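Dropping a prediction and its sequence here:
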Amino acid sequence: MELILKRAYFPNGTNGAIFCNEQFICFTIELPWKENQRKVSCIPEGKFELGKRYTEKHGWHLVVNTVPERSHILFHPANHALKELEGCIAPVTVLTGIGTGVESRKAFDKLKSLVYEAILKENVSIIIEKATL
């Protein structure tokens, strides 16, 4: 399965939308692009494998593998990129501003369910690209 994350970049954050087979899944928020610097930048555009991961802090969540010069890039709930993210991606139900959204847990659960079901049968990847108007 392949997901597509289309992003729009701003100085204070990155907003996006995830699609699967051209069907909208959820919005995303991330840190702004700062040359892929750890803990202060969103990850670069490209194609990455997704996997399941468990931690005490986030429980079961999604991990983005094979990111150049980065590790531990996760999909996990958050509603404010600058306050709650360190390079990870947060699904949100509604965007409320640049790098902010609401109902992140709801969007995350929807995305996680979709990916976890697919991962039992096939590899799951995400293609991250700049949104075109």
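On my side now, so go ahead.

ok, residue 1 touching residue 124?
Yes - the pair residue 1 / residue 124 is scored as a contact, 4.8 Å apart, by C-beta atoms under 8 Å. All C-beta atoms are positioned from the backbone trio N, CA, C, and that covers glycine.

Tell me which of those two has more neighbours.
Set side by side, residue 1 and residue 124 show more neighbours around residue 124, with 21 against 16, by other C-beta atoms under 10 Å.

Now do the contacts for the residue nearest the centre of the chain.
For the chain, the residue nearest the mean C-alpha position is residue 89 (3.2 Å; C-alpha atoms, centre = their mean). Residue 89 is in contact with 5, 16, 28, 29, 30, 42, 43, 64, 73, 74, 75, counting by C-beta atoms under 8 Å, 6 or more residues apart in numbering.

so it bridges to which residues?
residue 75 (DSSP bridges).

start at 15 instead
That works, and once the first residue is 15, the last one we named lands at residue 103.

For it, give its distance to residue 65.
Distance, residue 103 to residue 65, using C-beta to C-beta, to the nearest Å: 14 Å.

go on, residue 58?
When C-beta to C-beta is the yardstick, residue 58 and residue 65 sit 19 Å from each other.

all helices for this structure, in order.
Assigned by DSSP state H, the helices in the chain fall at 95-98, 118-133.

Name the strands paired with the least confident helix or strand in the chain by mean pLDDT and say parallel or antiparallel.
Ranking every helix and strand in the chain by mean pLDDT, DSSP states H and E puts strand 73-78 at the bottom, with a mean of 91. Using DSSP bridges, the strands paired with strand 73-78 in its sheet are strand 60-69 (antiparallel), strand 87-89 (antiparallel).

Could you give the average pLDDT over the first one?
Translated: strand 60-69. Mean pLDDT, strand 60-69: 94.

Show me what it is in contact with.
Strand 60-69 is contacted by residues 17, 74-82, 88-89, 129-130, 133, 137-142 when judged by C-beta under 8 Å, 6+ apart.

could I have that strand exported to PDB, CA atoms only?
Extracted as PDB, the C-alpha positions of strand 60-69 are listed here (Å, rounded to 0.1, in the frame of the first residue of the first chain):
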ATOM      1  CA  GLY A  60      10.800  11.200  -0.600                       C
ATOM      2  CA  LYS A  61       9.500   7.600  -0.300                       C
ATOM      3  CA  PHE A  62       9.700   5.900   3.100                       C
ATOM      4  CA  GLU A  63       8.600   2.600   4.500                       C
ATOM      5  CA  LEU A  64       6.200   2.600   7.500                       C
ATOM      6  CA  GLY A  65       6.200   0.200  10.400                       C
ATOM      7  CA  LYS A  66       4.600  -0.600  13.700                       C
ATOM      8  CA  ARG A  67       6.300   0.500  16.900                       C
ATOM      9  CA  TYR A  68       5.500   0.500  20.600                       C
ATOM     10  CA  THR A  69       6.900   2.900  23.300                       C
END
